[in-house]
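[1] Next come a sequence and a model predicted from it.
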Amino acid sequence: MAKLPQAFIDKYQQLMGPEAQAFFASFDEPVKHGFRINPLKQSIPTGLDLSEPVPYAKWGYYGEVHGRSVAHQSGAIYSQEPSAMFVGATAHPERGDRVLDLCAAPGGKSTHLASYLDNTGLLVSNEIMKKRVGVLAENIERFGPHNTVILNESPERLTRPFAGFFDKVVVDAPCSGEGMFRKDPEAMAYWDADYPQKCAALQREILTEAVKMVRPGGQLVYSTCTFAPEEDEQTIAWLLDQYPEFHLIPIEKTAGISDARPEWANGNPELKKAARLFPNQMLGEGHFVAKLQADADWNQGAKPAKPQQVGLTREQQKLWTEFSADQLIGITFPHLLTFGDQLYSVPAEMPAFGKLKVERPGLHLGTFKKKRFEPSYALALAVKPEQAQHQLTINHEQWAKVVHGETITIDEEHSKGWYLLVCDNQPVAYGKLVGKTIKNFFPKGLRFQVYD
Ligand SMILES: C[S@@+](CC[C@H](N)C(=O)[O-])C[C@H]1O[C@@H](n2cnc3c(N)ncnc32)[C@H](O)[C@@H]1O
């Protein structure tokens, strides 16, 4: 039996009454796993069990995929707990939208939002913690979107360049994590009876900044993975009070997802429009999700920064043009920018970076070396096999060597140069062929051993 904190038991016993027993019992049930397939990739990996779709989440399935599989490492799937999928499904960006994921690491919601955008519009994926932004960048680069900027900023410092800028702002807030108790019992060690109230104070600070970046008539999606009313209904009740220009939009609820509980806040019946995901009522760990729309006169007259200027030196342009003409088919990157010797494709609508802390100004295309261009791992994962002029299919054993940083040899000779390495129909890296040997360029920091 899960050893839930006594103060937690007392609190939910009082809030839920007879329903509390089923809620507590659900903490002894097995964790429900899930994954989403990546629509930005050309094909679905073979061998996945797609028999149990998550009914409310486009691309979502119940089940578990191994972290050291080709499907996972190539970004063809993203492992995500099923109730967390309800956040992206609720935000549901349209093609061409400008979207901000304000609290983004490790990237579950961002990759889902990128799936909807389908390489159109702009996704700004932000994470305040330096030590978490690296894994966010890794996960996004594996997923392969072309239109994503990754920042490492506080919400407050984003509000100037992005004033009234976004069609959709997602705040997947830091919270007391009660919905993590089953998956990660250590989350209970951080919890005490005052923790939800402390988190609620931080959530209000974050929301105060988030609303400044919503365009007139734009939307805000707020979510937590906790059950605490202080952080859920009460936070939204506070928001509606502070910002009468924002209104809750009803969310379609299926598969055991239920209305939020006005009686756990100030009784405002509007709060029912938000959603509660309880582990005893649906197949997932638990979440709270609210969707709000701003009035058309909200943030009228706000002035975001002008678009980022781009451009390359003549030598850089020549090297990139040669590389892309030789390597890429039907795929262009018109807004190019270098940071040092690193080449990036910057989404066209991105406001000027100014003094923002930038983890990735866009899709990393590669590195300019003396008189040559070296493609990046991120580019390999952002290209579909049909878009690659030169590719080599490798088998699982060869893939295991590539991700471990070893060279591999092939049977036939091909012309010397860069090849997109493809395993199970998924691009996995670029390699440089010399004779029958493929030199390894798999990033040192990401190397791993497939077999124990
Ligand atoms: C629930 S997690 C986000 C999970 C992520 N959206 C996903 O789906 O993978 C909340 C994030 O908020 C970040 N955070 C913590 N304090 C913050 C603050 N003051 N402002 C903005 N974000 C903060 C945390 O570092 C954490 O990565």
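    Looks like it arrived, so ask away.
[2] In the stretch 201-350 of the chain, which residue sits nearest the ligand?
    For the stretch 201-350 of the chain, the nearest residue to the ligand under the criterion CB to the nearest ligand atom is Ile206, separated by 4.9 Å. Placement of C-beta: from N, CA and C, glycine included.
[3] which SS state does that residue fall under?
    For Ile206, the reduced secondary structure class is helix; criterion used: DSSP: H, G, I helix; E, B strand; the rest coil.
[4] Next, please give the residue ranges for the helices of the stretch 201-350 of the chain.
    Here the stretch 201-350 of the chain has its helices, by DSSP state H, counting those that start in this stretch, at 233-242, 314-327.
[5] most packed of those helices?
    helix 233-242 (a mean of 20; mean count of other CB atoms under 10 Å).
[6] and that one, what other elements does it pack with?
    The criterion is 3 or more CB pairs under 8 Å, 6 or more residues apart in numbering; DSSP states H and E, and the helices and strands that helix 233-242 contacts are helix 195-210, strand 214-224, strand 246-248, strand 287-294.
[7] count of neighbours near Ser154?
    Ser154 is surrounded by 13 other residues when neighbours are defined as other CB atoms under 10 Å.
[8] Now do the contacts for the spatially closest residue to it that is not a sequence neighbour.
    Nearest residue to Ser154, sequence neighbours excluded (CB to CB, 6 or more residues apart in numbering): Ile128, at 5.5 Å. With contact set as CB atoms under 8 Å, 6 or more residues apart in numbering, Ile128 has these partners: Cys103, Asn152, Glu153, Ser154, Pro155.
[9] and those near the ligand, which?
    When CB under 6 Å from any ligand atom is taken as the criterion, the members of the contacts of Ile128 that contact the ligand are Cys103, Pro155.
[10] how about the helices of the stretch 201-350 of the chain in a markdown table, adding distance to the ligand and mean pLDDT?
    Formatted as a markdown table, the entries for the helices of the stretch 201-350 of the chain read as follows, by distance: least, CB to the nearest ligand atom, whole Å; pLDDT from 0 to 100:
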| stretch | distance to the ligand | mean pLDDT |
| --- | --- | --- |
| helix 233-242 | 14 | 98 |
| helix 314-327 | 32 | 96 |
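[11] is it possible to export those to CSV including distance to Ala210?
    As requested, the helices of the stretch 201-350 of the chain are arranged in CSV below (distance: least, CB to CB, whole Å):
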stretch, distance to Ala210
helix 233-242, 10
helix 314-327, 37
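[12] Return the residues in contact with the residue positioned nearest the centre of the chain.
    Within the chain, one residue has its C-alpha closest to the average C-alpha position: by CA atoms, centre = their mean, that is Ser110, at 2.1 Å. Contacts of Ser110 were listed using CB under 8 Å, 6+ apart, and they are Asp101, Ala104, Leu123, Ser125, Leu136, Asn139, Ile140, Thr148.
[13] Please identify which two of the residues you listed are farthest apart in space.
    The span of these, defined through CB to CB, is set by Leu123 and Asn139 at 13.0 Å.
[14] Give me the nearest residue to Ala294, chain neighbours excluded.
    Looking at Ala294 with CB to CB, 6+ apart, the closest residue is Val214, at 5.0 Å.
[15] sorry, back to before: got a pLDDT number for the residue of the stretch 201-350 of the chain closest to the ligand?
    Ile206 is assigned a pLDDT of 98 by the prediction.
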